[in-house]
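Colleague: Got a sequence here, can you model it:
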Amino acid sequence: MRSRTPDRLCAEAVELARDAAVEAARPQPIGAYLGAVAEGDRLVTHLFESQDPGYRGWRWSVTVARASRAKNVTVDEVALTPGPSSLLAPDWVPWSERLRPGDLGPGDLLPSEPDDPRLEPGYVPDAVEEEATGPIAAPADTAGPAADEAGPEAAAVTGADAAGAVPARATIAAVAGELGLTRPRVLSRLGLSEAAERWEEQYGPRTPMAQAAPASCVTCGFLVPVAGSLRRSFGVCGNEFSPADGHVVALDYGCGAHSEAARVPTPPPPPQPVIDHVSPDPL
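Modeller: Next comes the predicted model:
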């Protein structure tokens, strides 16, 4: 427990502490004496101003101590410590928290955590299909001479097995392939929700472009539909003159490049020719 009152002998050992600070700060000089702080019983830290140009506001801290019932004070440690006005580096932040959208460059790798909440397990096609269909029997014409020696009974069993096989299109793997789930991991509900929020923030109905648009993207001919559960809310813009070209847009987003926003005006028909049969033609 830190003592409130510094030990008298340790507090009076200012010159001993100064010599230790000068030795540690060499070749830079040390500044004025800033005081002493009691660290514990018979344990005092003396503070000296640092004159090093690279450490403005820092202090040389020299801790001295003595044994119980001893009058000889010795130096415990010397360290350069920051003061109240020192320039310090910001707190270290892990790379996963420092990373921002757009920081990834060519050749960079961004591994995802095994327990990333934005992802959930998908389906492995080989394992799913093998579990659903089982081993596939060899065709009758490639069975070899062993099938001929087995006789008609073996042929009948092979035909029964083939008749009971599950068609490839009816397997779980085929259905998972059509749904885009044949990956080790897919987006979870949280990942879909976060993606939808980002897309809607940039190309959603509350943007100034959408507020001034004559119509929404849901009726635009340049909208490319997307698959999955987000198809009811988002699509991809395919108009090269739109500010959202190539981006995922909300169906209630809009811009002035809407395919039905304004039709090209047709030129007015020419006036009927006027023939003057009364006045003479000028020569």
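
Colleague: what are the bridge partners for residue 77, then?
Modeller: For residue 77, the beta-bridge partners under DSSP bridges are residue 63.

Colleague: Tell me how many other residues surround it.
Modeller: When counting by other CB atoms under 10 Å, one arrives at 12 neighbours for residue 77. Every residue, glycine included, has its C-beta placed from N, CA and C.

Colleague: just residue 121 next, same as before
Modeller: 11.

Colleague: What are the phi and psi values at it?
Modeller: Backbone torsions for residue 121, taken as degrees, to the nearest 10, come to phi -60, psi 140.

Colleague: What of residue 199?
Modeller: Torsion angles at residue 199 (phi, psi; degrees, to the nearest 10) stand at phi -70, psi -40.

Colleague: doesn't residue 249 make contact with it?
Modeller: Yes - assessed by CB atoms under 8 Å, residue 199 is found in contact with residue 249 at 7.4 Å.

Colleague: which of those two has more neighbours?
Modeller: Counted by other CB under 10 Å, residue 199 and residue 249 do not tie: residue 249 has more neighbours, with 29 against 18.

Colleague: Would you check how far apart that one and residue 120 are?
Modeller: According to CB to CB, to the nearest Å, residue 249 stands 26 Å off from residue 120.

Colleague: list the residues that contact both of residue 199 and residue 249?
Modeller: residue 234 (CB atoms under 8 Å, 6 or more residues apart in numbering).

Colleague: Check which element follows the helix or strand harbouring residue 201 along the chain.
Modeller: Per DSSP states H and E, residue 201 falls inside helix 189-202. Toward the C-terminus, helix 189-202 is succeeded by helix 208-211 as the next helix or strand (DSSP H and E).

Colleague: So which bits of the helix or strand that that following helix is followed by are buried?
Modeller: Using DSSP H and E, the helix or strand that directly follows helix 208-211 along the chain is strand 223-225. Residues of strand 223-225 classed as buried by neighbour count (16 or more other CB atoms under 10 Å): residue 223.

Colleague: Residues contacting strand 223-225, please?
Modeller: Strand 223-225 has contacts (CB under 8 Å, 6+ apart) with 217, 231, 235-238, 249, 251.

Colleague: 6 Å instead?
Modeller: Residues outside strand 223-225 that contact it (CB atoms under 6 Å, 6 or more residues apart in numbering): 217, 231, 235-236, 238.

Colleague: Likewise for stretch 93-108?
Modeller: The contact list for stretch 93-108 (CB under 6 Å, 6+ apart) reads residue 110.

Colleague: Could you give the separation between the terminal residues of that stretch?
Modeller: End-to-end distance for stretch 93-108: 19 Å, by CA to CA, to the nearest Å.

Colleague: shaky segments in the protein?
Modeller: Counting by pLDDT under 70, the chain contains low-confidence residues at 1-4, 124-170, 172-173, 176-181, 263-265, 276-279, 281, 283.

Colleague: and with 90 instead?
Modeller: Regions of the chain meeting the criterion pLDDT under 90 cover residues 1-8, 40-41, 52-56, 68-71, 84-105, 108-114, 120-187, 227-229, 260-283.

Colleague: Give the other helices and strands that the top strand by length along it contacts.
Modeller: Criterion DSSP state E: the longest strand present in the chain is strand 30-40. Applying 3 or more CB pairs under 6 Å, 6 or more residues apart in numbering; DSSP states H and E, one finds that strand 30-40 contacts strand 43-50.

Colleague: In the strand it packs on, which residues are buried?
Modeller: The neighbour-count check on strand 43-50 (16+ other CB under 10 Å) flags 43-50 as buried.

Colleague: Note down every partner strand of it and its orientation.
Modeller: Here, using DSSP bridges, strand 43-50 pairs with strand 30-40 (antiparallel), strand 58-65 (antiparallel).

Colleague: Output it as PDB, nothing but the C-alphas.
Modeller: Provided in PDB are the C-alpha atoms of strand 43-50 (Å, rounded to 0.1, in the frame of the first residue of the first chain):
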ATOM      1  CA  LEU A  43      10.300   3.900  -1.600                       C
ATOM      2  CA  VAL A  44      10.300   7.300  -3.300                       C
ATOM      3  CA  THR A  45      10.500   8.400  -6.900                       C
ATOM      4  CA  HIS A  46      12.200  11.700  -7.800                       C
ATOM      5  CA  LEU A  47      11.200  13.500 -11.000                       C
ATOM      6  CA  PHE A  48      13.400  15.600 -13.200                       C
ATOM      7  CA  GLU A  49      12.500  17.500 -16.400                       C
ATOM      8  CA  SER A  50      13.800  16.000 -19.700                       C
END
